[in-house]
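Engineer: build the 3D model from these lines:
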Amino acid sequence: MNYSGTGNEKATPASELNRTHIGHTVSFEPDEFTLVFGKIAAVARKEGGVTIALQGVQGSGGLQASYSIPGSQQVYLQPDMLTNTESTIKDLFGKVQENLRGTSHKGEDRTDKL
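Structural biologist: Prediction:
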């Protein structure tokens, strides 16, 4: 396999995972034969690697609950909906402010010309 995420996933080195990623949906290849999709329950950093524990996997038909991978390996994170929404609102608010400023300046320019 040679998984490189989907269009909306963000590639991140495993070594950059931290507590803020707990609960995020992740996908990665722990080995050349396996592709994992799941929600992060815990992240443990060890010398030379990272262990990712997944939520809700215990007792699920022989699936592993945790995987150790090299810190340099890419994992693919689904975007955090709250963060994305916050960014979108900030962007829109900035555009509205910019438009309002542009409108008031144009109005002032018209007044000056009269």
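
Engineer: pull the contacting residues for residue 42.
Structural biologist: Contact partners of residue 42, counting by Cβ atoms under 8 Å, 6 or more residues apart in numbering, are 22, 51, 52, 53, 66. C-beta here means a position set from N, CA and C on the backbone, and glycine is covered the same way.

Engineer: ok, now with 10 Å
Structural biologist: Neighbour list for residue 42: 17, 19, 21, 22, 51, 52, 53, 54, 55, 65, 66 [criterion: Cβ atoms under 10 Å, 6 or more residues apart in numbering].

Engineer: count of neighbours near the third one?
Structural biologist: Burial of residue 21 is recorded as 18 neighbouring residues (other Cβ atoms under 10 Å).

Engineer: need the nearest residue in space to it, chain neighbours excluded.
Structural biologist: residue 40 (5.4 Å; Cβ to Cβ, 6 or more residues apart in numbering).

Engineer: ok, now how distant is the one you found from residue 98?
Structural biologist: 37 Å (Cβ to Cβ, to the nearest Å).

Engineer: quick one, helices of this structure?
Structural biologist: Listed in chain order, the helices of the chain (DSSP state H) span 81-113.

Engineer: before we move on, back to that, quickly list what the residue nearest to residue 21 is bridged to.
Structural biologist: Taking DSSP bridges, one finds residue 54 as the beta-bridge partners of residue 40.

Engineer: one step back: neighbour count winner among residue 40 and residue 98?
Structural biologist: residue 40 (19 against 10).
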